[in-house]
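1. any chance you can model this:
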Amino acid sequence: KPAMLVLALACMQLAAPLSTSAQLREAHRSERLNLLNHPLQIQLATGALPYGSFVRLCHDRTTILDAVRSAAAAAGADVLGDVSEAETKAWLETAEASGKTISTGDPSIKCYACGGDHLNVDCPDDLTVTGPARAVAAVLRSYSGAEAAAGVLAACEYGWACATLLEAGFETPYAGWLTNHAEALAKASAAVAPLVDAADRESVDAAYVAALSALFNFVDSEASTAGLKGAGADLEAARRKLDALEPGFLDSQDRNANFVSATL
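-> Residues are numbered from 1 along each chain as shown. Okay, the predicted model is just below:
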């Protein structure tokens with residue numbers, strides 16, 4: 001009888017309903033995997049990202065994280081200490097020293113900002129905050145209460161993507177960026193999760209999805225601006241590494257290609 005009681009209690013625990021934050025993550029796993037699968041993220045992890053693009057990411061980062069901090073405060077949480085200028089400078093110097101380049105190799109191309117042989121949109125001297133980064137901030141700042149907490153939870157999924165890339169064991173000059181976001185956003189996510197869990201999923205689902213979509217649009221726009229391509233042997237090898245950590249990852253991301261292949 002004691003054994004049966006233990007088994008019954010175990011079954012009850014297994015059947016316990018998921019928290020609201022867990023429900024959101026489970027329901028929108030494919031969208032979260034989009035962050036992990038994106039060429040920009042994988043090129044950060046493998047060190048293939050052009051230096052000029054990384055300069056822009058560092059600049060946009062302040063706008064986005066300031067909005068995360070503001071939204072968390074609106075929900076009743078205090079998150080994200082500031083990263084020192086020295087730390088950011090160290091990230092940039094490490095990337096630059098690794099030999100990353102934004103050169104096209106075409107001397108006929110002249111950047112309007114500095115005269116270099118790279119596209120204007122890749123110029124490291126262009127330090128204006130991008131529109132998509134401002135859009136992420138606007139979405140986060142538009143909420144209050146539980147919705148604000150859900151928006152922060154969604155933005156913090158970027159930290160999960162960075163942590164997964166680190167777990168895959170890639171060698172990259174951008175390790176400082178990945179590590180900082182993995183750790184800082186994990187703490188922020190843990191801080192707002194109880195506020196999300198206090199609400200029902202239906203009341204916060206739209207805010208979570210909107211913030212996650214804005215975040216992905218920011219990542220996607222940066223890849224488009226930098227001219228990054230989602231193909232090649234190195235990228236495919238990296239994606240297979242990630243599939244080992246997130247089973248079903250490739251099947252989920254390649255569902256359109258699989259459908260065409262099966263149909264034809």
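
2. contacts for stretch 119-139?
-> Defining contact as C-beta atoms under 8 Å, 6 or more residues apart in numbering, one finds that stretch 119-139 is touched by 50-53, 55-56, 59-60, 62-64, 66-67, 102, 104, 109, 111-114, 116, 151, 155, 210-211, 214-215, 217-218, 221-222, 225-227. Any C-beta I mention is one placed from the backbone N, CA and C, and that applies to glycine too.

3. quick one: pLDDT of the spatially most central residue of the chain?
-> The residue lying closest to the centre of the chain (C-alpha atoms, centre = their mean) is residue 158, at 2.7 Å. At residue 158, the predicted lDDT confidence score is 94.

4. list the contacts for residue 87?
-> Applying C-beta under 8 Å, 6+ apart, the residues contacting residue 87 are 176, 180.

5. for the helix or strand containing it, which positions count as buried?
-> Taking DSSP states H and E as the definition, one finds residue 87 inside helix 85-97. The neighbour-count criterion (16 or more other C-beta atoms under 10 Å) identifies 88, 91, 92, 94, 95 as the buried residues of helix 85-97.

6. which helix or strand lies directly C-terminal to that helix?
-> helix 131-141.

7. what does the helix or strand just after that next one contact?
-> Following the chain from helix 131-141 toward its C-terminal end, the next helix or strand by DSSP H and E is helix 145-155. Identification of contacts with helix 145-155 by C-beta under 8 Å, 6+ apart yields 21, 24, 64, 67-68, 71-72, 74-77, 79, 136, 139-140, 143, 185, 188-189, 192-193, 195-196, 198-199, 203-212, 215.

8. quick one, helix 145-155 and helix 131-141 angle?
-> Interaxial angle of helix 145-155 relative to helix 131-141 (axes from the mean of the first three to the mean of the last three C-alpha atoms, to 10 degrees): 150 degrees.

9. skipping adjacent residues, who's closest to residue 203 in space?
-> On the basis of C-beta to C-beta, 6 or more residues apart in numbering, the spatially nearest residue to residue 203 that is not a chain neighbour turns out to be residue 146, at 6.4 Å.

10. could you report the neighbour count for the one you found?
-> Residue crowding around residue 146 was assessed by other C-beta atoms under 10 Å; the count is 21.

11. now residue 42
-> Residue 42 is surrounded by 26 other residues when neighbours are defined as other C-beta under 10 Å.

12. any idea how far residue 137 is from it?
-> Applying C-beta to C-beta, to the nearest Å, one obtains 25 Å for the distance of residue 42 from residue 137.

13. returning to that earlier point: out of the contacts of stretch 119-139, list just those in helices.
-> Under the assignment DSSP state H, the contacts of stretch 119-139 contribute 51-53, 55-56, 59-60, 62-64, 66-67, 151, 155, 210-211, 214-215, 217-218, 221-222, 225-226 to helices.

14. what subset of the residues you listed is buried?
-> Applying 16+ other C-beta under 10 Å to the ones in helices among the contacts of stretch 119-139, the neighbour count classes 51-53, 55-56, 59-60, 63-64, 67, 151, 155, 210-211, 214-215, 218, 221-222, 225-226 as buried.
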